[in-house]
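Student: mind looking at a prediction? Sequence and model below.
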Amino acid sequence: MKTGSQGNYQWQNTLGGSSYDLMYSLHQTIDGGFILGGFSDSDISWEKWEDCLGSGDYWIVKTDGSGNIQWQNTISGGSQDVLQSIQQTSDGSYILGGYSDSNISGDKTENRIGGFDYWVVKTDTTGNIQWQNTIGGSGYDMLNSIQQTQDGGFILGGYSSSNISGDKTENNIGGSRDYWIVKTDTMGNIQWQNTIGGNGQDDLFSVEQTTDGGFILGGYSNSGISGDKTENSFGGDDYWIVKTDSLGIIEWQKQLEVLAKTYLLQLSKLQKVVMFYVDIPILVFQVLRQKIVWVILITGS
């Protein structure tokens, strides 16, 4: 649905096939249209132009400024592939990030490493695959956020249960899952990575590069003081925001108490320079199970 600046309705469009089509990511493109990304297990039907390749596929749809489909592509292997994040890159093409348990099949050119792996796909301006990379360890590695960085590479953020294995260079810190950030070059080759977590469950859902070249990470945690965690859990799943430098080393962190079962799904930085240092106000988007949305503004320190 598209609204005006005051929230007034302008237009809407329902896109899908005969089965489950779940959109997880949406961005305006440089031509004024929109790129949509998510998961589909629909075969050819309604707005779906290609059959499902596995038990669920990446599905990207490009629309014009009024929401009309211009092109689409179904990208998958023979099993389950869930697209969580898509962004238009500086050259007008697209970077896709999600997770996959497919082996070589369909569009997938590498076998899975563990249960689920990070699966990064770069396409051209009309959604045709240019390159891809499967990144993971022997456990479950779920990529939820991808963004092009200032150097033309990419920052990947999600969570991992893997110990040292495959592409994973650090053991799980002690809980069930940790934040796992991976920096790649322009072709998706790993440059560095960092596993960040405590003794509980730490799930990263959003990563953004900040104006100082570092990164801001947002998700939720129920870990106590342990590993990288410097504050105890308030009793359940709490927001856990972590600021790193340009190499993924922690600079500061902040835990926010929430009063209901919640999921921090996205961070959006309000960039501004204050005096001679970079201040990082962060909008934290919170979605409760009751489908109420909260927005919290914090400032970096």
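Tutor: On my side now, so go ahead.
Student: which sections of the chain are below the confidence cut-off?
Tutor: Screening the chain residue by residue with the criterion pLDDT under 70, one finds the ranges 257-301.
Student: switch to 90 and redo it
Tutor: Counting by pLDDT under 90, the low-confidence segments of the chain come to 1, 5-7, 174-175, 219-220, 233-239, 254-301.
Student: sheet partners, orientation included, of the helix or strand hosting L204?
Tutor: L204 is part of strand 202-209, with elements assigned from DSSP states H and E. Listed by DSSP bridges, the sheet partners of strand 202-209 and their directions read strand 215-221 (antiparallel).
Student: show me what counts as buried in the strand it pairs with.
Tutor: F215, I216, L217, G218, G219, Y220, S221 (16 or more other CB atoms under 10 Å). Where C-beta positions appear, they are placed from N, C-alpha and C, glycine not excepted.
Student: would you turn the residues you listed into TSV with distance to Q70?
Tutor: As requested, these are exported to TSV (distance: CB to CB, whole Å):
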residue	distance to Q70
F215	33
I216	33
L217	34
G218	32
G219	34
Y220	36
S221	40
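Student: so what's Q255 up against?
Tutor: When the contact criterion is CB atoms under 8 Å, 6 or more residues apart in numbering, the partners of Q255 are S221, E231, S233, F234, D238, Y239, W240, I241.
Student: switch to 6 Å and redo it
Tutor: When contacts are counted by CB atoms under 6 Å, 6 or more residues apart in numbering, Q255 touches E231, D238, W240.
Student: could you identify which of those has the most neighbours?
Tutor: In terms of neighbours by other CB atoms under 10 Å, the contacts of Q255 top out with W240 at 28 neighbours.
Student: which residue packs closest to that one, ignoring adjacent ones?
Tutor: The spatial neighbour of W240 that comes closest, neighbours along the chain excluded (CB to CB, 6 or more residues apart in numbering), is S221 at 3.9 Å.
Student: that neighbour bridge partners, please.
Tutor: For S221, the beta-bridge assignment (DSSP bridges) gives partners D202, D238.
Student: didn't it look like it was pressed against L204?
Tutor: No: proximity of S221 to L204 does not meet the contact threshold set by CB atoms under 6 Å, at 9.3 Å.
Student: secondary structure class for the most centrally placed residue in the chain?
Tutor: With distances taken as CA atoms, centre = their mean, the residue of the chain nearest its centroid is S145 (1.5 Å). At S145, secondary structure determined by DSSP: H, G, I helix; E, B strand; the rest coil is strand.
Student: quick one: it and N199, what's the gap?
Tutor: As defined by CB to CB, to the nearest Å, S145 lies at a distance of 24 Å from N199.
Student: show the contacting residues for W192.
Tutor: By CB under 6 Å, 6+ apart, the residues touching W192 are K183, L247.
Student: so what are the sheet partners of whichever strand or helix holds it and their directions?
Tutor: Element membership for W192, per DSSP H and E: strand 190-196. Each strand paired with strand 190-196, and its direction, by DSSP bridges: strand 178-184 (antiparallel).
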